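> Turn this into a structure:
(chains A, B, C and D)
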Number of protein chains: 2
Amino acid sequence: MSDNIADRFDRIRVPSAYEMVADAIESEIVSGRLRPGDEIGTEAALVRQFGVNRSTVREGIRVLEQGGLVRREAGRKLYVCEPRHSALSSRMSRALVLQDVTFRELFDTALILEVGAVEGAVAHADDDVIAALEANQSRIEEAIGNPVLLSEIDTEFHALVAHASRNRVLELAREPAAILFFPSSEMICRRVPEGGPRMVEAHRRIIDAIKARDLDLARTWMRRHLVDWRKGFVRAGREIDAPVERIFARYALSRSSI
Amino acid sequence: MSDNIADRFDRIRVPSAYEMVADAIESEIVSGRLRPGDEIGTEAALVRQFGVNRSTVREGIRVLEQGGLVRREAGRKLYVCEPRHSALSSRMSRALVLQDVTFRELFDTALILEVGAVEGAVAHADDDVIAALEANQSRIEEAIGNPVLLSEIDTEFHALVAHASRNRVLELAREPAAILFFPSSEMICRRVPEGGPRMVEAHRRIIDAIKARDLDLARTWMRRHLVDWRKGFVRAGREIDAPVERIFARYALSRSSI
DNA sequence: ATGAGACCGTTTGTCCGACAAAGCGGATAA
DNA sequence: TTATCCGCTTTGTCGGACAAACGGTCTCAT
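This next block holds a predicted model:
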């Protein structure tokens, strides 16, 4: 009854005990009183402190774990996570797949983000990252003809470029798309053999442009590199407006949840 | 012992029962056998099907809930989520805050993403979204002088522009940054009164450029709008290289988890 | 003295059974 | 027909229990 006018009030939610447990620990972490690497007590200790049942504590811990705030070291203790290690990106990717986003959406976004990343890299890359990029490049030569290895190296290359931008927000923003986007280059390399050499050259030019701090050149080659991907995608017989296959969700998930 | 050479094998993880429960339901959803809006059975039913204890089932449900795959309708039944409603973005934002990212990182990324969004909007905006943008604009005039309302409208404006791009990947990619970025305009409007009228003009120009399908103009005004933000930020006496205050994490979280 | 192996307490993962409170649906009364 | 009540179902929480895995210590043989 009374759906006739716009609802003024939100539904009242009584927080349950496990949510309060999770919130209590979360606010300790967010406020900085618990720092990454610190250990949370044992379940028994939390039971004592919160005065709730262990099942309740455990549900709260699951919530925090999935939120990427705490992790359980292989066997036992609970530690506060360093947040970059959290597996949130893969969950984002999964959400994208469930929305049946198309390869075109993926491509358009990757173009924006990767060009942005290389711009940042030109501005901020230091010797360490450049060395890492060169190391990545040195592995690519021998990987030609091996699609699996090639796509792995390509994925790492783009992650390194993003890292070189010294912009963690950008690094995080590109990840969900990257997880879905770059693995598909394996399929392309398999069907379009000339894709390999073109990738090698593009990477080479991008690294050189970063080293030379040449913004335009870096932009141009990154864009070219991605347009190559799209061309290869089409030449491999795939439809760019088709939704990303759901298989990728499982793939992306299993790779990044380790 | 034997840390001397690179480890070849990953640690073996024996999946626990609640993880298997979560995985089983997840793969039903990802594969499409369970569709958004479908209801999962009651806890008792899951206990029967999986042959595990209810505590175990409940832990598995917590995992799925946090992963944004299922939601619990106010009171009772478990439903498969429509993935866009998931609160993953706010968790991403939280991770960013915990990494002490700076406003500069936030700004640089927002610039890339918002300009990308408006480019997409110029290409793909339809009448409905343009109407929504105009409606948003019509509310802004009376909000001048009300920083809270103004920043709310600005946030909605940018979300609408992103939506107009018809690119869900981009929409999702910008969200974690947007959650942290735009609320800070409230603080700016409070301290830099001339920010309000400048925002009104920028929005007006951007909408007009989208309607006129004028790519360059849209880009220019979006960039100008964001640079204005940065100027205001500095004039408000804030340090652009300072980390985003942790207060924003709670703010962002409480606003989006409803 | 030192390293290997056994031993024991701790902690987690799982199970069982139970109960109050909240929601839902049907029956009943006005 | 509408409002109220009652009973059933389901969730949220509780208490207690136990096997397996892990960590640390202690002993024993070399």
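> distance of A:E134 from A:L217?
To A:L217, A:E134 is 17 Å away according to Cβ to Cβ, to the nearest Å. For the C-beta atoms, the positions are set from N, CA and C on the backbone; glycine is no exception.
> So between those two, which is more surrounded?
The neighbour count for A:E134 versus A:L217, taken as other Cβ atoms under 10 Å in any protein chain shown, is higher for A:L217 (17 against 11).
> What sits closest to the more buried one if chain neighbours are left out?
Of all residues not flanking A:L217 in the chain, A:A209 sits nearest, at 4.0 Å (Cβ to Cβ, 6 or more residues apart in numbering or on different chains).
> CA atoms only: put the helix or strand hosting that neighbour into PDB for me.
When elements are assigned from DSSP states H and E, A:A209 belongs to helix A:195-211. The C-alpha trace of helix A:195-211 is given here as PDB (Å, rounded to 0.1, in the frame of the first residue of the first chain):
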ATOM      1  CA  GLY A 195      50.300 -10.400 -34.800                       C
ATOM      2  CA  GLY A 196      53.400 -11.500 -32.900                       C
ATOM      3  CA  PRO A 197      56.000  -9.500 -34.700                       C
ATOM      4  CA  ARG A 198      53.800  -6.400 -34.700                       C
ATOM      5  CA  MET A 199      53.400  -6.700 -31.000                       C
ATOM      6  CA  VAL A 200      57.100  -6.900 -30.600                       C
ATOM      7  CA  GLU A 201      57.700  -3.800 -32.600                       C
ATOM      8  CA  ALA A 202      54.900  -1.800 -30.800                       C
ATOM      9  CA  HIS A 203      56.300  -2.700 -27.400                       C
ATOM     10  CA  ARG A 204      59.800  -1.700 -28.500                       C
ATOM     11  CA  ARG A 205      58.600   1.600 -29.800                       C
ATOM     12  CA  ILE A 206      56.600   2.300 -26.700                       C
ATOM     13  CA  ILE A 207      59.500   1.600 -24.400                       C
ATOM     14  CA  ASP A 208      61.800   3.800 -26.500                       C
ATOM     15  CA  ALA A 209      59.200   6.600 -26.400                       C
ATOM     16  CA  ILE A 210      59.000   6.300 -22.600                       C
ATOM     17  CA  LYS A 211      62.800   6.400 -22.300                       C
END
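> What residues sit buried inside it?
Buried residues in helix A:195-211, counted by 16 or more other Cβ atoms under 10 Å in any protein chain shown: A:G195, A:G196, A:R198, A:M199, A:V200, A:A202, A:H203, A:R205, A:I206, A:I207, A:A209, A:I210.
> quick one: the helices in the stretch 101-250 of chain A?
According to DSSP state H, counting those that start in this stretch, the stretch 101-250 of chain A carries its helices in the segments A:103-124, A:127-140, A:147-164, A:168-181, A:184-191, A:195-211, A:215-235, A:247-256.
> Now do the first one: which elements does it pack against?
Meaning helix A:103-124. Helices and strands touching helix A:103-124, as assessed by 3 or more Cβ pairs under 8 Å, 6 or more residues apart in numbering or on different chains; DSSP states H and E, comprise helix A:147-164, helix A:168-181, helix A:195-211, helix A:215-235, helix B:103-124, helix B:168-181.
> which residues of the stretch 1-150 of chain A score low on pLDDT?
Filtered on pLDDT under 70, the stretch 1-150 of chain A yields the residue ranges A:1-11, A:74-75.
> let's see it at 80
Where the stretch 1-150 of chain A drops to pLDDT under 80, the residues are A:1-13, A:73-76, A:83-86.
> Which residues of it lie near DNA strand C?
A:T42, A:E43, A:A44, A:R54, A:S55, A:R58, A:R72, A:G75, A:R76, A:K77, A:L78 (Cβ under 7 Å from any atom of the strand).
> Spatially nearest residue to the most centrally placed residue in chain A, not counting backbone neighbours?
With distances taken as Cα atoms, centre = their mean, A:E175 lies nearest the centre of chain A, 2.8 Å away. With sequence-adjacent residues excluded and distances taken as Cβ to Cβ, 6+ apart, A:E175 is closest to A:S89, at 3.9 Å.
> Help me confirm that A:L180 comes into contact with A:V97.
Yes. Judged on Cβ atoms under 8 Å, A:L180 makes contact with A:V97 at a distance of 7.0 Å.
> Let me see the domain layout of chain A.
Following automatic domain parsing, one finds the domains of chain A at A:17-85, A:88-256.
> winner for burial among these?
Greatest average neighbour count among the domains of chain A goes to domain A:88-256 (a mean of 20), per mean count of other Cβ atoms under 10 Å in any protein chain shown.
> I'd like the distance from that domain to the chain centre, please.
From the chain centre to the centre of domain A:88-256 is a distance of 12 Å (Cα atoms, centre = their mean, to the nearest Å).
> picking up where we left off before, any chance of the domains of chain A in CSV, with distance to B:L149 too?
Shown next, in CSV, are the domains of chain A (distance: least, Cβ to Cβ, whole Å):
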stretch, distance to B:L149
domain A:17-85, 27
domain A:88-256, 26
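> between the ones you listed, which gets nearest to B:F9?
B:F9 lies closest to domain A:17-85 among these, at 13.6 Å (Cβ to Cβ).
> How far does the closest one stretch from one end to the other?
28 Å (Cα to Cα, to the nearest Å).
> can you tell me if it touches chain B.
Yes. Counting by Cβ under 8 Å from any Cβ of the partner chain, chain B has neighbours in domain A:17-85: A:18, A:27, A:29-32, A:36, A:55, A:58-59, A:62-63, A:65-69, A:74, A:83-84.
> ok, back up a step: out of the helices and strands packed on helix A:103-124, which gets nearest to B:D228?
helix B:103-124 (11.4 Å).
> Just want the angle from that closest one to helix B:184-191.
110 degrees (axes from the mean of the first three to the mean of the last three Cα atoms, to 10 degrees).
> now the angle between helix B:127-140 and helix B:103-124, please.
Using the same axes, to 10 degrees: helix B:103-124 against helix B:127-140 is 130 degrees.
> dump the residue contacts of A:V161.
A:V161 makes contacts with A:E114, A:A117, A:V118, A:A121, A:L133, A:I206, A:I210, A:M222, as judged by Cβ atoms under 8 Å, 6 or more residues apart in numbering or on different chains.
> Tell me which two in those residues are the farthest apart.
A:E114 and A:L133 (14.1 Å).
> circling back: so can I have a markdown table of the contacts of A:V161 showing distance to B:F9?
Formatted as a markdown table, these follow (distance: Cβ to Cβ, whole Å):
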| residue | distance to B:F9 |
| --- | --- |
| A:E114 | 33 |
| A:A117 | 32 |
| A:V118 | 35 |
| A:A121 | 33 |
| A:L133 | 28 |
| A:I206 | 34 |
| A:I210 | 35 |
| A:M222 | 36 |
